[in-house]
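A.B. asks: just coords:
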């Protein structure tokens, strides 16, 4: 029961972060949003007893891809234009 | 009441203390006024909280104690470094201190350094 | 405005339909793996391959050819990044002055960098025993190099050495497959003894292939990061 509630809260947080990272105009905030999504996804994978996938998601989704996005934003522009 | 039971109770107590400090850290991030104060709460309290939880679990399951100590040492090294880098970056980026802050030692140091490098 | 609201309503209907169907039919975390091919993997995997981590057994042994394709995809991605960024204004002599990292970060990186490399190596060497494997370990190694880049503005990897390492390791993967083809008649077939599950030297060709994949993925991701860091604004 407690696990179900915790998982439900995590999924809700994930949806909020996903919508936020799509909607915001500041690309750096959007990158932080996607990082939060992949972090929560990795926790969910761990709860579902898939530690291999959880490790891959945490290392690649939250680590490397965030760094690549941040470097790309630093070299180009930070704000999205209409 | 044998030795392992005592260890388990000590471990439970440490986990409880750790959870308390983690909660205080989260509360501090929520309540404090500016970036530097929040980093303070988010580093010191969470480092101690994670320490309590990890060492407590290591005491509850003594076969995991070496790994737990390794993780704790890793956290002890990475957490302050990352928060130091964050605070330094945000100061250089020009984020203001809270208007009721008392002391700012890094600003005069930075200006002095810039003057020295300008003269050269 | 109307378009947007119609899209939102459609998404909401779809979400409700899918969510409640799934929630009724498949409860969260339910065990449904007792039919079909997964049954065979679960009950015969350890005996067939000698790897105590079933995921690794499937990824490297049963589905080894797919993994070769995956590594190729990553290689093509790294090559693509290098090709796109090749002519985009390398710093020609005068470089924009960057802020040097502080003493604490530099000292910390000197201490932590070997530890991070060691952790990545641990993950892919123990891929057939504990969770993790080549891709995860390679990503951890790339993170270690990223930390080195962040802490030292003058740090650069030697591209030629990285490319040579990557090629040698990739050829090792293909050679193991070809040796399987020669000795047993099937590409990437396990031609080494299985050993006893749970020991470091067991599971036949899985440790060799995972060490190769780990080094290759680490070198490729580091190459991508290096290409992106060196481009001027």
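C.D. replies: All right, it came through fine. Given the structure is predicted, the values throughout are model-derived calculations rather than measurements.
A.B. asks: Might one say that residue C:174 is in contact with residue C:68?
C.D. replies: Yes: Residue C:174 is in contact with residue C:68 according to C-beta atoms under 8 Å; the separation is 7.5 Å. Placement of C-beta: from N, CA and C, glycine included.
A.B. asks: The two: which is more packed in?
C.D. replies: residue C:68 (17 against 14; other C-beta atoms under 10 Å in any protein chain shown).
A.B. asks: which ones are touching that one?
C.D. replies: C:173, C:174, C:177, C:188 (C-beta atoms under 8 Å, 6 or more residues apart in numbering or on different chains).
A.B. asks: switch the cut-off to 10 Å
C.D. replies: Neighbour list for residue C:68: C:170, C:173, C:174, C:177, C:187, C:188, C:209, C:213 [criterion: C-beta atoms under 10 Å, 6 or more residues apart in numbering or on different chains].
A.B. asks: Out of the residues you listed, which is nearest to residue B:45?
C.D. replies: residue C:213 (39.8 Å; C-beta to C-beta).
A.B. asks: I'd like the distance between residue B:24 and residue C:205.
C.D. replies: 51 Å (C-beta to C-beta, to the nearest Å).
A.B. asks: So for those two, which sits in the more crowded spot?
C.D. replies: A direct count of neighbours by other C-beta under 10 Å for residue B:24 and residue C:205 places residue C:205 higher, at 21 against 16.
A.B. asks: Please report the number of neighbouring residues for residue B:70.
C.D. replies: The number of residues near residue B:70, taken as other C-beta under 10 Å, comes to 14.
A.B. asks: Counting by contacts, list what the helix or strand bottoming out on mean pLDDT in chain C packs against.
C.D. replies: Lowest on mean pLDDT, DSSP states H and E among the helices and strands of chain C sits helix C:37-49, with a mean of 78. Applying 3 or more C-beta pairs under 10 Å, 6 or more residues apart in numbering or on different chains; DSSP states H and E, one finds that helix C:37-49 contacts helix C:54-56.
A.B. asks: neighbouring contacts of the helix it packs on?
C.D. replies: Against helix C:54-56 from outside (C-beta under 10 Å, 6+ apart): A:50-53, C:38, C:41-42, C:45-46, C:49, C:62, C:126-134, C:203, C:206-207, C:209-210.
A.B. asks: hey, what's in contact with both of residue C:174 and residue C:68?
C.D. replies: Joint contacts of residue C:174 and residue C:68 (C-beta under 10 Å, 6+ apart) are C:187, C:188.
A.B. asks: Please, which helix or strand holds the closest residue to chain B within chain C?
C.D. replies: Residue nearest to chain B within chain C (C-beta to the nearest C-beta): residue C:108, separated by 4.1 Å. According to DSSP states H and E, residue C:108 maps onto helix C:103-125.
A.B. asks: what comes up buried for that helix?
C.D. replies: C:105, C:108-109, C:112-113, C:116-117, C:119-121, C:123-125 (16 or more other C-beta atoms under 10 Å in any protein chain shown).
A.B. asks: now, among those residues, which is nearest to residue B:59?
C.D. replies: Looking across these and measuring by C-beta to C-beta, the closest to residue B:59 is residue C:119, at 23.8 Å.
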